[in-house]
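Participant: just a sequence and a predicted model for now, questions to come.
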Number of protein chains: 2
Amino acid sequence: MSDFDVKDARKTFVGPGFVLADVDPASTPGLKGGKNKVAEENSEIDAQLYELQQKLYANHRSGIKVGNVLLVLQGMDTSGKGGIIKHSVGVLDPQGVKLASFGVPTDEEKAHDFLWRIRKQLPDNGMVGVFDRSHYEDVLIHRVEGWANEQVLTERYEAIRQFEKELVAGGTKIIKVMLHISKQFQKDNLLERLENPAKYWKYNPGDLDTRSKWDAYQEAYQIALTETSTEDAPWYCIPSDNKQYARMAVKYLLLGALEDMNLSWPPADFDVEEQKAKLEAMD
Amino acid sequence: MSDFDVKDARKTFVGPGFVLADVDPASTPGLKGGKNKVAEENSEIDAQLYELQQKLYANHRSGIKVGNVLLVLQGMDTSGKGGIIKHSVGVLDPQGVKLASFGVPTDEEKAHDFLWRIRKQLPDNGMVGVFDRSHYEDVLIHRVEGWANEQVLTERYEAIRQFEKELVAGGTKIIKVMLHISKQFQKDNLLERLENPAKYWKYNPGDLDTRSKWDAYQEAYQIALTETSTEDAPWYCIPSDNKQYARMAVKYLLLGALEDMNLSWPPADFDVEEQKAKLEAMD
């Protein structure tokens, strides 16, 4: 009897005609009732998520090809990517999670195609991969800063579509999430970081430069999302001024991906009764 | 007003005169009151652990050299290593955790010194490394199976002591944990795996072969622990027939290591008031 479910989380899907500017970052699509409802059902969904991911990981461990999950997280500074990793991904079994964070590329990474460093961090069969930022940086900051011209950007959108199509064909369930916050929400968060010495480390003076290009980033997201959101490699634009809502929505997206995999527990590759008898006979 | 603390967890330290056979796997050293007491205080300790690890991770992110933590987990099959990773390590921020699992070495790994693959998985500054099995396999299974003779084993103990001394000198807090279970507890757990199709994947017929060498393994642990437990790179022998107790004890050991680091939040490397003024002036 949840107030929210997988279907509701998927309402944030970026489909034809999507207009980022029309999405209210403070809204909570699909959620019935007030804000307090968000946290209540967590233990139930956490248990479901954990169970399904255990099933996935069991297949990883057993070497049975069942595919994997890749969660891509993008968003402006302070949009809550870290919180999603702690609170949504954090309910999974760490052994089955492969986390990768993509910062400023190294010289070696720059010497290669922009997907090179991404490919190296793809999750194995039966694992849940989580990208904290991703190959989308190459069509977001690169567009805003003019590091890539229109032609190169056009090629990159196509390269991304092909890349993700290839992943999907290989058995990956891709969930791409834009944590969509308002400009005021970011201001409040940045101020909080400047007012609390325990948060100075999260602040970088460069954040203000990025903030000054807010509209250009929104445009870059608008284009990137519409260019690369497909049924198979969907983007979800999740309103994230309400952190609890965003965390729950991501949990439900993960749950939906795992449910779609129709996972089974790996069968015994040994004679169960024989093993039981052997064990019983031992001291 | 906890019923257990860091000091109590450290009572499981493997010191001079340690005799593994004298440790009751069902005991709960340091714990006052009944078994129910174990779970109650979790949210308090979880919050403390998380806060301190955030401080550690903040220094990682800020590039400030503060050292790191390395938790080494060893134990017989079904001793609960996975549960420790989920329930004890799982309360930390996944972004600050580097998990490494050491199974049967690959051909490439076998071609190198036994510490080669271990060195590649050491945590960076400001991170918490967790080893699910470790370099100790090379003095445990290798001793039991006779893959290494006494001379080689003696060399390996020395190599391990030197290696860990070097890590400690480099700023690593090492916590080595043996999850100590009884033979009956393992039998119950293995039977449970054979009775529940959702647990077949955790079972391997080879587990019975290993079980048949129980005493030899206990001896190998006795020797390995006493050869390599020092104040700086301590072994803790944690009775683990009570899973909740073992998980809590590991949490307190992690907490103790983090407390010993006397961590501070990284100072601002920018002018806070100037940044505030700039931000306030922006729309």
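Facilitator: Perfect, I can see it now.
Participant: use CA for all of it now, contacts and neighbours both
Facilitator: Fine.
Participant: what about the closest residue to A:Ala249 other than its chain neighbours, which helix or strand?
Facilitator: Spatially, and ignoring its direct neighbours in sequence, A:Ala249 is nearest to A:Ala9 (5.2 Å; C-alpha to C-alpha, 6 or more residues apart in numbering or on different chains). Element membership of A:Ala9, judged by DSSP states H and E, is helix A:6-9.
Participant: which strands and helices lie in contact with that helix?
Facilitator: helix A:243-260 (3 or more C-alpha pairs under 8 Å, 6 or more residues apart in numbering or on different chains; DSSP states H and E).
Participant: got the buried residues for the helix holding A:Ala9?
Facilitator: Going by neighbour count (16 or more other C-alpha atoms under 10 Å in any protein chain shown), the buried part of helix A:6-9 is A:6, A:8-9.
Participant: with stretch A:94-105 instead?
Facilitator: A:94-100.
Participant: now, the residues you listed that are in strands?
Facilitator: A:97-100 (DSSP state E).
Participant: under the pLDDT cut-off, which ranges of the stretch 151-283 of chain A? List them.
Facilitator: Applying pLDDT under 70 to the stretch 151-283 of chain A flags no residue at all.
Participant: all helices in it, in order from the N-terminus.
Facilitator: A:183-195, A:206-212, A:214-228, A:243-260, A:272-281 (DSSP state H, counting those that start in this stretch).
Participant: for the closest residue to A:Asp132 other than its chain neighbours, give me its contacts.
Facilitator: Excluding the flanking residues, the one nearest A:Asp132 by C-alpha to C-alpha, 6+ apart is A:Ser101, at 4.6 Å. When contacts are counted by C-alpha atoms under 8 Å, 6 or more residues apart in numbering or on different chains, A:Ser101 is found next to A:131-134.
Participant: from the residues you listed, which is closest to B:Ile45?
Facilitator: A:Asp132 (27.6 Å; C-alpha to C-alpha).
Participant: so is A:Gly17 in a helix, a strand, or just coil?
Facilitator: coil (DSSP: H, G, I helix; E, B strand; the rest coil).
Participant: ok, it - contacts?
Facilitator: Per C-alpha under 8 Å, 6+ apart, neighbours of A:Gly17: none.
Participant: please redo it, this time with the cut-off set to 10 Å
Facilitator: With contact taken as C-alpha atoms under 10 Å, 6 or more residues apart in numbering or on different chains, A:Gly17 is in contact with A:Thr226.
Participant: hmm, back to that, what mean pLDDT does the helix holding A:Ala9 get?
Facilitator: For helix A:6-9, the mean pLDDT works out to 88.
Participant: on that earlier part again, pLDDT wise, what is the residue nearest to A:Asp132 at?
Facilitator: For A:Ser101, the model assigns a pLDDT of 96.
Participant: rewinding a little: which pair of the buried residues of stretch A:94-105 spans the longest distance?
Facilitator: A:Gln95 and A:Ala100 (14.2 Å).
Participant: per-residue pLDDT, A:Arg32?
Facilitator: Quick fix: residue A:32 reads Lys, not Arg. 78.
Participant: the one 10 residues further on now?
Facilitator: A:Asn42 is assigned a pLDDT of 69 by the prediction.
Participant: swap in the one 3 residues further on?
Facilitator: According to the prediction, A:Ile45 has pLDDT 92.
Participant: now A:Ala21
Facilitator: pLDDT, A:Ala21: 97.
Participant: ok so, going back, so what touches the helix holding A:Ala9?
Facilitator: Applying C-alpha under 10 Å, 6+ apart, the contact partners of helix A:6-9 are A:28-31, A:236-238, A:245-246, A:248-257, A:259.
Participant: not counting sequence-adjacent ones, nearest residue to A:Val250?
Facilitator: A:Ser88 (6.6 Å).
Participant: wait, A:Met282
Facilitator: That would be B:Ser212: by C-alpha to C-alpha, 6+ apart, it lies 7.8 Å from A:Met282.
Participant: how far off centre is stretch A:6-21?
Facilitator: Distance of stretch A:6-21 from the chain centroid (C-alpha atoms, centre = their mean, to the nearest Å) equals 15 Å.
Participant: dump that stretch to PDB, restricted to CA.
Facilitator: C-alpha atoms of stretch A:6-21 as PDB (Å, rounded to 0.1, in the frame of the first residue of the first chain):
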ATOM      1  CA  VAL A   6       7.900   2.200  -9.900                       C
ATOM      2  CA  LYS A   7       5.300   3.400 -12.400                       C
ATOM      3  CA  ASP A   8       5.200   6.800 -10.700                       C
ATOM      4  CA  ALA A   9       9.000   7.200 -10.800                       C
ATOM      5  CA  ARG A  10       8.900   6.500 -14.500                       C
ATOM      6  CA  LYS A  11       6.600   9.400 -15.000                       C
ATOM      7  CA  THR A  12       9.800  11.500 -14.900                       C
ATOM      8  CA  PHE A  13      10.800   9.900 -18.200                       C
ATOM      9  CA  VAL A  14      12.200  12.300 -20.800                       C
ATOM     10  CA  GLY A  15      10.000  11.600 -23.800                       C
ATOM     11  CA  PRO A  16       9.100  13.500 -27.000                       C
ATOM     12  CA  GLY A  17       8.300  17.100 -26.400                       C
ATOM     13  CA  PHE A  18      10.100  17.300 -23.100                       C
ATOM     14  CA  VAL A  19      10.800  20.800 -22.000                       C
ATOM     15  CA  LEU A  20      13.200  21.000 -19.000                       C
ATOM     16  CA  ALA A  21      12.100  24.600 -18.200                       C
END
